[in-house]
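1. Using only what follows, build the 3D model:
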Amino acid sequence: MARVLVAEDDAEVRALIGAVVRQSAHKVEFAADGQEAIECLSRGDFDIVLLDLMMPKASGFEVLAWMHRAKPGMAKRSVIVLTAMSEKDLVNLTQERVFAVMRKPFDINLLAAKIAESLAAAAPR
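-> Here you go, the predicted structure:
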């Protein structure tokens, strides 16, 4: 069972993602804004971080910057960005910085598959 952080300011989207994560039998925790996400991450590690970019108090970009300073390597193996931002705003979100970027609205089956893919890639061999 993986530990998953859902950092999303929209309560309905947060609930939908939480349901997808629970269906995959993972433990889920929620952050309603970027500052909450940083607080959750500072208290412990997560196997997956599902991260919205446009959140109050601290953006997803600020959360990523904090992660790269405080937990080097974690974002590359565990962050799946969920965003409605345009492609031109995402040019810095390469595979060297995050595991994946998914566009909103996203397919919940594809989200479940990306979570499984990230967990498989991070599993010790």
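
2. Could I get the buried residue list for the helix or strand residue 36 falls within?
-> Taking DSSP states H and E as the definition, one finds residue 36 inside helix 34-43. The neighbour-count check on helix 34-43 (16 or more other Cβ atoms under 10 Å) flags 34-38, 40-41 as buried. No exception for glycine: its C-beta is placed from N, CA and C like everyone else's.

3. Could you dump those into CSV with pLDDT added?
-> Listed next are the buried residues of helix 34-43 as CSV, based on pLDDT from 0 to 100:
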residue, pLDDT
34, 98
35, 98
36, 98
37, 98
38, 98
40, 97
41, 97
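
4. quick one, helices of this structure?
-> 11-23, 34-43, 60-70, 74-78, 108-122 (DSSP state H).

5. And the buried residues of helix 34-43, which is closest to residue 56?
-> Nearest to residue 56 among those is residue 34, at 7.2 Å by Cβ to Cβ.

6. Quick check: that closest one touching residue 54?
-> No: at 9.5 Å, residue 34 and residue 54 do not qualify as touching, with contact defined as Cβ atoms under 8 Å.

7. Neighbours of the closest residue to residue 10 other than its chain neighbours, how many?
-> With Cβ to Cβ, 6 or more residues apart in numbering as the measure, residue 52 is the residue that lies nearest to residue 10, at 7.6 Å, once sequence neighbours are left out. Neighbour count for residue 52, taken as other Cβ atoms under 10 Å: 26.
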